[in-house]
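K.L.:
the sequence and its predicted three-dimensional model are supplied below.
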Amino acid sequence: MPRPATRRRGLVAALAAVAVLSACTGNTDDGAESTPTPAVAATAAASTADTTLKSAVAALADTSPTGEAAREAVFTGPALESANAWAKTLPGKTPAQKADAQLSTSGAEVIGVSRVGDEPKQLLVETTLEKSKAAVLALLVAGEAGQEFKVAALTPMLTEARVDELDASSIGSGAIGSGEGLAITPEEASQSLADSLRYPEPEETTALVEDPFSAQLRQSAAAQAKAISASGTFTQSHEPKDVLGGLRLKDGSGAIVFTHLVRTDSIAMRQPTKLKPSKDLTLLTGIKQITSEASLESNQIVALVIPTTGAARVVAAWDQLVGGTGR
């Protein structure tokens, strides 16, 4: 049964009136984008960074029975394992080595803050080494609500390396997510780095710019292989593990990413030979002599800047021996 014509005309007229009113007044919500909100306010971020890094410096130097608990309170993930290994090897280091590695306890600057809704919360902080004043990047993360920030990465910057500007702390920086829009994903960058560092037979890559960290690793591997070539073989592999975090650069022009790799150095002697391991390996494992084979494991925490086009570049890295076997 058709609806009464008068009712339809009334409805059409009402809708037309609404349309005219909308056209006159406009809709303030159409096309509007809400301003992003930082996960941590600027003053709180600065205070958190200062407190966390001071605790980290103290924990790294703590070789007492309570040192491990102190490091567990301020470090997380592979950074915690590396921090524990560093502390365990401190008795074998010279005063000069300790001074060169000492982090400053003041002057830390928050250069990036994640946004509300992105988990985990992240603070990107730049600090320095106390003696040389060389820059060090720290990534602080806090997972669940109410959880304290902990150090997920602590990486000295490479000579002449730079980190492009991030969005202002008043709006925070975007999360990396799956890496959409970047020249390569963080996982691809990590794999390319691992393949390019393999010894022997490293794989050439156009995905990464050559850097001092990678060059030094290749030179060191070649030197170790040459040193035992008459009586054995040396190989080195790098296995990508997790992406630890990172933030988008200003206006989405790229991202800074922190990734974890495990480096394994393997020595195989063709005949029994007495080799003296490094002090660090002895302090970590108790191994005092190698006669036939050895495998040394190191954590590599690497910061890369990945643009939207072009090659990525390593800007900071921490390579820390954490364990090994030998006989």
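P.N.:
Great, that's in hand.

K.L.:
and stretch 187-200, which residues are buried?
P.N.:
For stretch 187-200, the neighbour count (16 or more other Cβ atoms under 10 Å) marks 188, 189, 190, 191, 192, 193, 194, 195, 196, 197, 199 as buried. Where you see a C-beta, it was placed from the backbone N, CA and C, and this is true even at glycine.

K.L.:
wait, I meant stretch 225-242
P.N.:
Applying 16+ other Cβ under 10 Å to stretch 225-242 flags 225, 228, 232, 234, 235, 236, 238, 240, 241 as buried.

K.L.:
give me the secondary structure label for residue 263.
P.N.:
strand (DSSP: H, G, I helix; E, B strand; the rest coil).

K.L.:
without its sequence neighbours, what residue ends up closest to it?
P.N.:
residue 298 (4.3 Å; Cβ to Cβ, 6 or more residues apart in numbering).

K.L.:
which of the buried residues of stretch 187-200 fall within helices?
P.N.:
With DSSP state H as the criterion, helices contain 188, 189, 190, 191, 192, 193, 194, 195, 196, 197 from among the buried residues of stretch 187-200.

K.L.:
among the residues you listed, which two are most distant?
P.N.:
188 and 197 (15.1 Å; Cβ to Cβ).

K.L.:
identify the residues contacting the residue nearest to the spatial centre of the chain.
P.N.:
Central residue of the chain (Cα atoms, centre = their mean): residue 258, 2.1 Å from the mean position. Going by Cβ atoms under 8 Å, 6 or more residues apart in numbering, residue 258 touches 139, 152, 153, 155, 243, 244, 245, 246, 301, 302, 303.

K.L.:
the last one falls within a strand, correct?
P.N.:
The one in question is residue 303. Yes. Assessed with three-state DSSP, residue 303 lies in a strand.

K.L.:
thought it was touching residue 154?
P.N.:
No. Shown here, residue 303 and residue 154 do not form a contact pair, counting by Cβ atoms under 8 Å, at 10.2 Å.

K.L.:
joint contacts of the two?
P.N.:
137, 139.

K.L.:
show me where the chain has its strands.
P.N.:
Secondary structure of the chain by DSSP state E: the strands cover 109-113, 121-128, 135-142, 150-156, 232-248, 254-269, 293-307, 313-326.

K.L.:
what packs against the third one?
P.N.:
Strand 135-142 is packed against helix 42-60, strand 121-128, strand 150-156, strand 232-248, strand 313-326, with contacts defined by 3 or more Cβ pairs under 8 Å, 6 or more residues apart in numbering; DSSP states H and E.

K.L.:
run the last query once more with 7 Å
P.N.:
Judged by 3 or more Cβ pairs under 7 Å, 6 or more residues apart in numbering; DSSP states H and E, strand 135-142 is in contact with helix 42-60, strand 121-128, strand 150-156, strand 232-248.

K.L.:
so for residue 309, which of these sits nearest?
P.N.:
Once these are compared by Cβ to Cβ, strand 232-248 is nearest, at 15.0 Å.

K.L.:
CA atoms only: put that closest one into CSV for me.
P.N.:
Extracted in CSV, the C-alpha atoms of strand 232-248 (Å, rounded to 0.1, in the frame of the first residue of the first chain):
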residue,chain,number,x,y,z
GLY,A,232,92.4,-23.4,12.3
THR,A,233,89.4,-21.5,10.9
PHE,A,234,87.4,-18.5,12.0
THR,A,235,83.8,-17.7,11.1
GLN,A,236,81.3,-15.1,12.2
SER,A,237,77.5,-15.0,11.9
HIS,A,238,74.9,-12.4,12.8
GLU,A,239,71.4,-13.5,13.6
PRO,A,240,68.6,-10.9,13.6
LYS,A,241,66.4,-11.2,16.7
ASP,A,242,63.8,-8.6,17.7
VAL,A,243,63.0,-5.1,16.8
LEU,A,244,63.2,-3.4,20.2
GLY,A,245,61.4,-0.2,19.3
GLY,A,246,61.7,3.2,17.6
LEU,A,247,59.8,6.2,16.4
ARG,A,248,58.8,7.9,13.2
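
K.L.:
how big is the angle separating that strand from strand 135-142?
P.N.:
If you take axes from the mean of the first three to the mean of the last three Cα atoms, to 10 degrees, strand 232-248 sits at 70 degrees to strand 135-142.

K.L.:
make 12 the first number, not 1, from now on.
P.N.:
With 12 as the first residue, the last one maps to strand 243-259.

K.L.:
identify the bridge partners of residue 334.
P.N.:
Taking DSSP bridges as the rule, residue 334 bridges to residue 308.
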